[in-house]
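Q: take a look and give me a structure for this.
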Amino acid sequence: RFYNLSPSSQIRMANIRTSTVGCLVSLRGTITKARPKRLRVLDAGFVCTKCGVTQITQFLDGKYSTPVRCGDIKCRSQKFVLNRKMANFCDVQELKIQEVREEFVEGMEQQGNNPDVGRDAGRAPRHMEVEVSNDLVDQCHAGDSIVVVGIVRAVNSALASGRMGKRAEETSTYKLYVVGHSIVNLTSEDGSRGHQGRGGGKRNG
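A: Sure thing, here's the model as predicted:
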């Protein structure tokens, strides 16, 4: 895991925008909400109903999908049955963090011609959602001050809110969030919370 990134990768929450999507950043914040952990299916086995061949399909970004056709060249059937015993899971948790007071006050006090600074006046503190997985789950709690290193991602806002269907998929509005790679808990006196670990998916069955 990555820690102590260079100053060029350390970013204020106010500066996380579409131009930072896909970038590895270091972000400070205070956790305002830690949702209960849940399971995400990473991949699963599908059995062809015609020839019995099993193939593994990965679920990118947690999106369920079935094979397009059987992997057997002589079969090429498009009908499959899910084999749950071959599913591979990982723990996932969503954190909501608020920009630290120092950055909020700094944004309120700074003056100049920079329009980004001017927009800070008269506003509430910003929030950002962080997704963590495996050994980072349950490593911090609401009220903890943290430094998270992760990659900025964009997700369809309608799908992120739980809506389904073609209309939701066609929504052109996206929200930004951070996929956490490492967390340092500044609240913990000994620094043990958020300590790096080696985690992996869990085999079901």
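
Q: tell me which element the residue in the chain sticking out farthest from the centre falls in.
A: Here the centre of the chain is the reference, and by C-alpha atoms, centre = their mean the most remote residue is Lys74, at 40.0 Å. Using DSSP states H and E, Lys74 is not contained in any helix or strand.

Q: list the contacts for the nearest residue to it once chain neighbours are set aside?
A: Leaving aside its chain neighbours, Lys74 sits nearest to Cys51 (7.7 Å; criterion: C-beta to C-beta, 6 or more residues apart in numbering). (C-beta placed from N, C-alpha, C; glycine too.) Contact analysis of Cys51 by C-beta atoms under 8 Å, 6 or more residues apart in numbering lists 70, 72, 74-75, 77.

Q: show the buried residues in these.
A: When these are checked for burial by 16 or more other C-beta atoms under 10 Å, the buried set is Cys70.

Q: farthest-separated two in the contacts of Cys51?
A: Lys74 and Ser77 (10.2 Å; C-beta to C-beta).

Q: what ranges do the helices span in this protein?
A: Per DSSP state H, the chain carries helices over the ranges 101-109, 115-118, 157-160, 166-169.

Q: rank the ones you listed by pLDDT, which is bottom?
A: Of all the helices of the chain, mean pLDDT reaches its minimum on helix 115-118 (a mean of 50).

Q: if anything else comes up later, I'll come back, but that's it for now.
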